[in-house]
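K.L.:
need the 3D shape of this:
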Amino acid sequence: MFARLSARSMWPVLGAAGAVGAIGLAYRMSNPIMNDTGKTFTGGDEWIDLKLKSATQVSPDSKHYVFELKDPDHVSGLITASCLMAKYVTEKGNNVIRPYTPTSPTDQKGTIDFVIKTYETGKFSKHFWELKPSDTVAFKGPIVKWKWDPNQFEKISLIGGGSGITPLYQLLNEITRNPNDNTKVDLFYASTSVKDILLKKEIDEIVEKHKDQVNVYYFVDKPDDDWKGHTGYIGKDFLKDHLPPPSKESKIFICGPPPMYKALSGMKVSPTDQGEVTGALSELGYTKDHVYKF
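P.N.:
The predicted structure is shown next:
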């Protein structure tokens, strides 16, 4: 039924196919969307179940959780600085939903990391603490808090307390991993005790590699006998001596427990309303143009 094609008669067909293939390849190379690495999270409203790969205790009440993305070749799809919403359903059928900020680099493939502190009254943090490898948690997002661009400011000051370190670490890590980002970074981080300093190993490694770019000041309320850092809380006098003056060339990012916000910057009105700056930073002349509250 079908006529036999000679090798010579096939040349035009093969040539046409090769031309189409070359055009397709050229298009893919010129189209960054088609070249983009797969992303697990693309900003949609779909809840995506991620399987827990490991959970390692890193402080008396905190663990480092590693979840597997949808595909080993996927990146998370987050940008700096952003978070994911997490959800689980209680035995009574109620949804518990909380935001959590990953600590892994945005280009990390296959997995996504969180460092989460467990609170006495925290429903979700207690749920996290009890998870075992292969258990799943539903996530969606990302929710962009502050879109960081390299060299956005000459200098940024990060003020954190407790588990509020996670979005600040996300900024610190993103900046120092980019050799073209020359932003100077000061981190002021307060914890209850030395054992409660989250991500200290990772932060210290960054400082060691970027001594001319990064300074870190640890504060501990209950120090050990051999503690060589600062004792007590981050206060107005210290900030006066260590913050750059109010300027469009610098920015202050703050994240911590409510008492820290109230004392230093004032609370946010809502997730979308930063509110006015009050407290110590207001007394030092900073406004909402100079301060961002995570």
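K.L.:
contacts and neighbour counts: CA atoms only from here.
P.N.:
OK.
K.L.:
what's the neighbour count on residue 228?
P.N.:
Neighbour count of residue 228, defined by other CA atoms under 10 Å: 11.
K.L.:
should've said residue 278
P.N.:
20.
K.L.:
in this structure it contacts residue 265, no?
P.N.:
Yes: using CA atoms under 8 Å, residue 278 is in contact with residue 265, at 5.0 Å.
K.L.:
show me the strands in the stretch 1-150 of the chain, by range?
P.N.:
Per DSSP state E, counting those that start in this stretch, the stretch 1-150 of the chain carries strands over the ranges 48-59, 62-68, 82-89, 95-100, 111-117, 136-144.
K.L.:
the fourth one pairs with which strands, and in what direction?
P.N.:
Using DSSP bridges, the strands paired with strand 95-100 are strand 82-89 (antiparallel).
K.L.:
then the last one?
P.N.:
When pairing is defined by DSSP bridges, strand 136-144 lines up against strand 48-59 (antiparallel), strand 82-89 (antiparallel).
K.L.:
out of those, which is closest to residue 129?
P.N.:
Shortest distance between residue 129 and these, using CA to CA, is found for strand 48-59: 8.4 Å.
K.L.:
skipping its backbone neighbours, what lies nearest residue 144 in space?
P.N.:
In space, and not counting its chain neighbours, residue 144 is closest to residue 82: 4.2 Å by CA to CA, 6 or more residues apart in numbering.
K.L.:
that neighbour contacts residue 101, doesn't it?
P.N.:
Yes: shown here, residue 82 and residue 101 form a contact pair, counting by CA under 8 Å, at 6.7 Å.
K.L.:
and the residue positioned nearest the centre of the chain, what helix or strand is that in?
P.N.:
Nearest to the mean C-alpha position of the chain, by CA atoms, centre = their mean, lies residue 170 at 3.9 Å. Using DSSP states H and E, residue 170 sits in helix 165-177.
K.L.:
any weak-confidence spans in this structure?
P.N.:
By pLDDT under 70, the low-scoring segments of the chain are 1-37.
K.L.:
buried set for stretch 41-60?
P.N.:
Judged by neighbour count (16 or more other CA atoms under 10 Å), stretch 41-60 contains these buried residues: 41, 48, 49, 50, 51, 52, 53, 54, 55, 58.
K.L.:
hmm, I typed the wrong one, I wanted stretch 282-289.
P.N.:
Neighbour-count burial for stretch 282-289 flags 282, 284, 286, 287, 288 (criterion: 16+ other CA under 10 Å).
K.L.:
so how far is that stretch from its chain's centroid?
P.N.:
26 Å (CA atoms, centre = their mean, to the nearest Å).
K.L.:
hmm, back to that, tell me which helix or strand comes right after the helix holding residue 170.
P.N.:
Helix 165-177 is succeeded, C-terminally, by strand 184-193 (DSSP H and E).
K.L.:
next, the angle helix 165-177 makes with that following strand.
P.N.:
Angle of strand 184-193 versus helix 165-177, following axes from the mean of the first three to the mean of the last three CA atoms, to 10 degrees, is 150 degrees.
K.L.:
other SSEs contacting strand 184-193?
P.N.:
Other elements packing on strand 184-193 under the criterion 3 or more CA pairs under 8 Å, 6 or more residues apart in numbering; DSSP states H and E are strand 155-161, strand 214-222.
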